[in-house]
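**Student:** A structural model of the following input is requested.
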Amino acid sequence: MNHNTYYVAHEYMEIFNDPIYVNGFIEWANRHRLAYIGDTDLHVSFVSWMAEHTRERILALAGVIILPKNFTAIFIRPPIPPFAFMP
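**Tutor:** Below is the predicted model of the structure:
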């Protein structure tokens, strides 16, 4: 196998390894009185590091709801190097 051992353990030996979209996870969390606060990759959860015209477009499309803002940012953003994140 070409995969690292942690990949094999995570992907093939987990008891629960059911894929889920973020919106499904958020709905599940809400049903259990929990809240989604952001992605583990922080630049996905915030738009402040993006160019102003991109931020304005995302905010116009998403309003103030965090979920569509995250999804919109994911679909329209180009790959961003890690050093580009600015809170």
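
**Student:** measure Y36 to R57 for me?
**Tutor:** 23 Å (C-beta to C-beta, to the nearest Å). All C-beta atoms are positioned from the backbone trio N, CA, C, and that covers glycine.

**Student:** just the buried residues of stretch 21-29, please?
**Tutor:** By neighbour count on 16 or more other C-beta atoms under 10 Å, the buried set for stretch 21-29 is I26.

**Student:** can you show me the CA trace of it as PDB?
**Tutor:** Extracted C-alpha coordinates of stretch 21-29, given in PDB (Å, rounded to 0.1, in the frame of the first residue of the first chain):
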ATOM      1  CA  TYR A  21     -21.800  16.800   4.100                       C
ATOM      2  CA  VAL A  22     -21.200  19.700   6.400                       C
ATOM      3  CA  ASN A  23     -24.900  20.700   6.300                       C
ATOM      4  CA  GLY A  24     -25.900  17.200   7.400                       C
ATOM      5  CA  PHE A  25     -23.400  17.400  10.300                       C
ATOM      6  CA  ILE A  26     -24.800  20.900  11.300                       C
ATOM      7  CA  GLU A  27     -28.300  19.600  11.300                       C
ATOM      8  CA  TRP A  28     -27.300  16.600  13.400                       C
ATOM      9  CA  ALA A  29     -25.400  18.900  15.800                       C
END
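
**Student:** how close does S48 get to T40?
**Tutor:** Taking C-beta to C-beta as the measure, S48 falls 18 Å from T40.
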